[in-house]
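*Asks:* Test case, fold it:
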Amino acid sequence: MKTLQRTWAIVLAAGDGTRLASLTTDEHGNAVPKQFCSLDGGSSLLAEAMQRARHVAPRERVCVIVAEHHRRYWKRALWTTPSGNVIVQPRNCGTANGVLLATLRILERDPLARIVFLPADHYVRDEAALAGSLREVATLLTRNPDELLLVGIEPEEADPELGYIVPARGERWQARAVERFVEKPPASLARELLGDGALWNSFIFAACAPALLGMLRTAQPEIVERMETAIARDARLGARSIALEEVYAELPSVDFSRGVMQGSEHRLRVVTAPACGWSDLGTPRRVAEALKRFEPQPPRRETPVNIPAFINLAAQHARLAMAG
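*Replies:* Now for the predicted structure:
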């Protein structure tokens with residue numbers, strides 16, 4: 001599609017997934033990040049996210065951001081991904097720094113890029129339903145180049161473990177203004193939010209790269225300047241330069257939602273995705289709920305490259321249930 005030209009997809013795969021450690025600890029006592037696990041013995045969550053990204057960008061414009069200390073997992077998992085599309089953080093310093101580094105790397109290759117960001121650790125039962133919304137946000141960026149577009153999922157229940165986006169009342173545009181965010185509300189408030197038309201915050205979002213860099217610069221000017229300088233120094237000095245590693249050694253951990261989006265609500269809009277069996281698999285309870293609804297997916301016409309999973313979450317959940 002012409003509207004998706006210059007569209008890139010970034011899969012965010014640098015998180016540690018500590019809240020799920022009880023299910024992701026292997027036989028050697030290592031907590032495996034959940035993106036390298038499978039829900040029920042099939043493809044890893046990372047593999048599913050990489051395939052999801054292909055709904056908006058061709059293979060050569062699908063990138064993934066990872067953390068150096070996870071190398072033993074992603075080196076094996078991403079062996080078919082072009083090396084230039086694997087963006088390595090010296091360490092995980094929160095989502096804002098990961099988004100910043102990925103944005104700067106894409107801007108080096110395409111100064112007018114539109115980027116769709118996708119977390120690597122989600123489960124989606126109905127991929128086709130979500131795919132339509134992903135293409136919608138990518139298309140809307142051509143008309144909303146200065147805004148950041150969020151994908152909000154129609155809730156299937158009032159879940160107190162999730163974040164919510166409350167769209168502005170009365171708007172009927174495809175992309176609505178954001179009234180406010182509510183993070184992990186009590187169950188009673190979650191039910192009220194659903195009555196007000198709130199959506200689950202999927203942390204899937206899209207933005208034109210120059211505008212996104214501008215938002216990051218406004219919110220975290222010192223970090224942006226230091227990272228830009230380090231990248232320029234590394235490019236000038238080549239392999240012997242460790243400027244980016246030196247910057248990351250001192251970077252504070254910054255959450256993208258709190259450290260960048262808060263205060264920029266006037267530039268945020270939300271697109272509604274239909275209920276699609278989405279889950280962030282953030283806690284053992286949410287894994288259990290996803291397993292209740294789990295439906296094996298039919299074979300795709302295009303067979304994806306199999307990215308091995310290091311842990312089967314369903315098997316781990318069953319084992320812990322029996323032990324308990």
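*Asks:* Show me the contact partners of the longest helix along the chain.
*Replies:* Across the chain, the longest stretch assigned as helix under DSSP state H is helix 221-237. The contact list for helix 221-237 (Cβ atoms under 8 Å, 6 or more residues apart in numbering) reads 96-97, 100-101, 104-105, 108, 213, 216-217, 241-244, 246-247, 251-252, 254. (C-beta placed from N, C-alpha, C; glycine too.)
*Asks:* Which SSE is immediately downstream of that helix?
*Replies:* helix 243-250 (DSSP states H and E).
*Asks:* Taking helix 221-237 as reference, get the angle to that following helix.
*Replies:* For helix 243-250 against helix 221-237, the angle by axes from the mean of the first three to the mean of the last three Cα atoms, to 10 degrees is 150 degrees.
*Asks:* In terms of secondary structure, what does helix 243-250 contact?
*Replies:* With contacts taken as 3 or more Cβ pairs under 8 Å, 6 or more residues apart in numbering; DSSP states H and E, helix 243-250 sits against helix 221-237.
*Asks:* and the helix it packs on, how far out from the chain's middle?
*Replies:* Helix 221-237 sits 24 Å away from the centroid of its parent chain (Cα atoms, centre = their mean, to the nearest Å).
*Asks:* For it, buried residues please.
*Replies:* Buried residues in helix 221-237, defined by neighbour count with 16 or more other Cβ atoms under 10 Å: I223, V224, R226, M227, E228, A230, I231, D234.
*Asks:* can you pull the pLDDT of the fifth one?
*Replies:* pLDDT for E228: 97.
*Asks:* Could you give the bridge partners of the most centrally placed residue in the chain?
*Replies:* The chain has P119 as the residue nearest its centroid, 1.9 Å off, counting by Cα atoms, centre = their mean. In this entry, P119 is beta-bridged to L12, by DSSP bridges.
*Asks:* and the residue lying closest to R71 once chain neighbours are set aside, how many residues sit next to it?
*Replies:* Nearest residue to R71, sequence neighbours excluded (Cβ to Cβ, 6 or more residues apart in numbering): V88, at 8.0 Å. Using other Cβ atoms under 10 Å, V88 is surrounded by 16 other residues.
*Asks:* Confirm for me that V88 is in contact with H70.
*Replies:* No - proximity of V88 to H70 does not meet the contact threshold set by Cβ atoms under 8 Å, at 9.4 Å.
*Asks:* State the next helix or strand along the chain beyond whichever strand or helix holds G152.
*Replies:* For G152, the element it lies in under DSSP H and E is strand 148-153. Next along the chain after strand 148-153, taking DSSP H and E as the criterion, comes strand 163-167.
*Asks:* tell me the angle of that following strand relative to strand 148-153?
*Replies:* Using the same axes, to 10 degrees: strand 163-167 against strand 148-153 is 110 degrees.
*Asks:* Low-confidence ranges, the stretch 101-250 of the chain, go.
*Replies:* Filtered on pLDDT under 70, the stretch 101-250 of the chain yields the residue ranges 171-172.
*Asks:* I'd like the distance between R293 and R286.
*Replies:* Relative to R286, R293 is positioned 11 Å away (Cβ to Cβ, to the nearest Å).
*Asks:* and if you look at A57?
*Replies:* 28 Å.
*Asks:* So which elements touch whatever helix or strand L134 lives in?
*Replies:* In the assignment (DSSP H and E), L134 maps to helix 127-140. Helices and strands touching helix 127-140, by 3+ Cβ pairs under 8 Å, 6+ apart, are helix 45-53, strand 114-119, strand 148-153, strand 199-208, strand 268-273.
*Asks:* Repeat the analysis, applying 10 Å as the threshold.
*Replies:* For helix 127-140, the helices and strands in contact under the criterion 3 or more Cβ pairs under 10 Å, 6 or more residues apart in numbering; DSSP states H and E are strand 7-12, helix 45-53, strand 114-119, strand 148-153, strand 175-183, strand 199-208, strand 268-273.
*Asks:* Show me what counts as buried in it.
*Replies:* Using 16+ other Cβ under 10 Å as the test for burial, helix 127-140 gives E127, A129, L130, A131, S133, L134, R135, E136, V137, A138, T139, L140.
*Asks:* Could you double-check that the second one lies in contact with P274?
*Replies:* Yes - counting by Cβ atoms under 10 Å, A129 touches P274, with 5.0 Å between them.
*Asks:* shared neighbours of the two, which are they?
*Replies:* Common contact partners of A129 and P274 (Cβ atoms under 10 Å, 6 or more residues apart in numbering): I153, E154.
*Asks:* follow-up on the earlier one: my understanding was that the residue nearest to R71 contacts L101; is that so?
*Replies:* Yes - V88 is within contact range of L101, at 9.0 Å (criterion: Cβ under 10 Å).
*Asks:* Mind listing the shared neighbours of these two?
*Replies:* Counting by Cβ under 10 Å, 6+ apart, the shared contacts of V88 and L101 are A14, I65, L244.
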